[in-house]
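Participant: Structure of the sequence below:
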Amino acid sequence: MKKYLIVGAGGFIAGHLINKLKNEGNFIRAVDIKPNEFWFQRFNEIENFTLDMTKIENCLKMTKDIDYVINLACNMGGIGFLENNKAECMMSVLINTHMLMACRENKIKKYFFSSSACAYNTDLQKNSEIDGLKEEDAYPAMPEDGYGWEKLFSERMCRHFYEDFGLETRVARFHNIYGPLGTFDGGREKAPAALCRKVIEAGLNKKKELDIWGDGNQTRSFLFIEDCVEAIMILFNSNFRDPINIGSEEKVSINQLVTIIEGISGTKLKRNYQLDMPKGVNGRSSNNNLIKKVLKWNYKYSLKDGIAKTYAWIESMYSNRSNNDFVKFTKNNYN
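Facilitator: Sure, this is the predicted structure:
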């Protein structure tokens, strides 16, 4: 039986990953700074801990008698959160640094770090019609301020812990992962969940309009959570050590994303463009040539199919708003 430690276990991606690993018969130790009742998915049959993983002593404790570590912990959210919490985002570097130190001390067999497309050079992302970003486009370094710098620095730490100490590391650059069982309100939600929520609320409130941050022409690619979890484990079980994109190549503008959601909901809304709100870079999407070549992986879900599943889940949450889970998925913190 393989023994996994999942860090950031209360989060969106981690919940789906734990469910997969648990169902495959693995031993799971799960840890998050959030109390267990605020975890997006909870599993009583695994070990669950509430600890601050910026502390080295907690990292050492959690990695004892473990084979593999998957670190999905960080302070992050949608563009509004990232723009206004840069110091808090950068503090996540303590988690990765102390986890690497603990993995070396406790002789962990392999360590996974979740990086981000925010690590890419922002000078390449000024045009909304940009081609997909290739892994080498992270250098020369000019990542997104705050969150992106933390991710790029932590990638280098993984590389040097392998080069200097022989610790096997794997690094994935995620491109906008979305799907059910993730936050959809409160400030940390990503664009697909936020826009699904806005369309649903417009219908409930009998409004015929929704707000869009920026002009709606900024482009992104979005990857459905089931594809993401599959790619994580293919990468983790491979021999590939360099950072690699895990994303979709289906690039859309925010306006096009709204049109997809309107089609699913059967509505047509007036769009109010809020040009003074954060919108991020003009263009960012994934180039999957490397992951197709070295890992033989490609995503299965089209954006339309993934958004349909996401919309249906968020709509179901609004149908049962008295449920405690509604608060869990909409609060921006647990205090």
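
Participant: From now on I want contacts and neighbour counts done on CA atoms only, so please keep to that.
Facilitator: OK.

Participant: Give me the below-cutoff pLDDT ranges for the stretch 1-150 of the chain.
Facilitator: Low-confidence segments of the stretch 1-150 of the chain, defined by pLDDT under 70, are located at 77-78.

Participant: What ranges does this protein have for its strands?
Facilitator: Assigned strands in the chain, in chain order: 3-7, 27-32, 47-50, 68-71, 110-116, 169-174, 177-178, 209-213, 219-221, 223-224, 244-246, 251-253, 270-274 (criterion: DSSP state E).

Participant: on contacts alone, who are the packing partners of the third one?
Facilitator: If contacts are counted by 3 or more Cα pairs under 8 Å, 6 or more residues apart in numbering; DSSP states H and E, strand 47-50 sits against strand 27-32.

Participant: Touching the strand it packs on from outside, list them.
Facilitator: Residues external to strand 27-32 that are found in contact with it (Cα atoms under 8 Å, 6 or more residues apart in numbering): 1-10, 18, 21-22, 46-53, 62, 73.

Participant: among those residues, which ones are buried?
Facilitator: Among the contacts of strand 27-32, those that count as buried by neighbour count (16 or more other Cα atoms under 10 Å) are 3-10, 18, 21, 48-49, 51, 53, 62, 73.

Participant: residues contacting residue 83?
Facilitator: Applying Cα under 8 Å, 6+ apart, one finds that residue 83 lies in contact with residue 278.

Participant: Need the winner for burial among the strands of the chain.
Facilitator: Relative to the other members of the strands of the chain, strand 244-246 carries the highest mean neighbour count by mean count of other Cα atoms under 10 Å, namely a mean of 27.

Participant: neighbouring contacts of that one?
Facilitator: Counting by Cα under 8 Å, 6+ apart, strand 244-246 makes contact with 117, 134-135, 171-175, 228, 231-232, 286-288, 290-291, all of which sit outside it.

Participant: Could you list which of these belong to helices?
Facilitator: Restricting the contacts of strand 244-246 to those inside helices, with DSSP state H as the criterion, leaves 228, 231, 232, 290, 291.

Participant: For the third one, which non-adjacent residue is spatially closest?
Facilitator: Translated: residue 232. Using Cα to Cα, 6 or more residues apart in numbering and skipping the chain neighbours, the partner closest in space to residue 232 is residue 172 (7.5 Å).

Participant: quick one: contacts for residue 250?
Facilitator: Residue 250 makes contact with 221, 222, 285, 302, 303, according to Cα under 8 Å, 6+ apart.

Participant: Would you check how far apart residue 234 and residue 325 are?
Facilitator: Residue 234 sits 31 Å away from residue 325 when distances are taken as Cα to Cα, to the nearest Å.

Participant: Please apply the same query to residue 95.
Facilitator: If you measure residue 95 against residue 325 using Cα to Cα, the figure is 27 Å.

Participant: who has more neighbours, those two?
Facilitator: More neighbours sit around residue 95 than around the other of residue 95 and residue 325, counting by other Cα atoms under 10 Å; the figures are 23 against 17.

Participant: Count the residues that sit near residue 38.
Facilitator: Neighbours of residue 38 under the rule other Cα under 10 Å: 20.

Participant: Could you find the closest non-adjacent residue to it?
Facilitator: Using Cα to Cα, 6+ apart, the nearest residue to residue 38 is residue 328, at 5.7 Å.

Participant: Would you confirm that that neighbour contacts residue 41?
Facilitator: No - under the criterion of Cα atoms under 8 Å, residue 328 lies out of contact with residue 41, with a separation of 10.2 Å.
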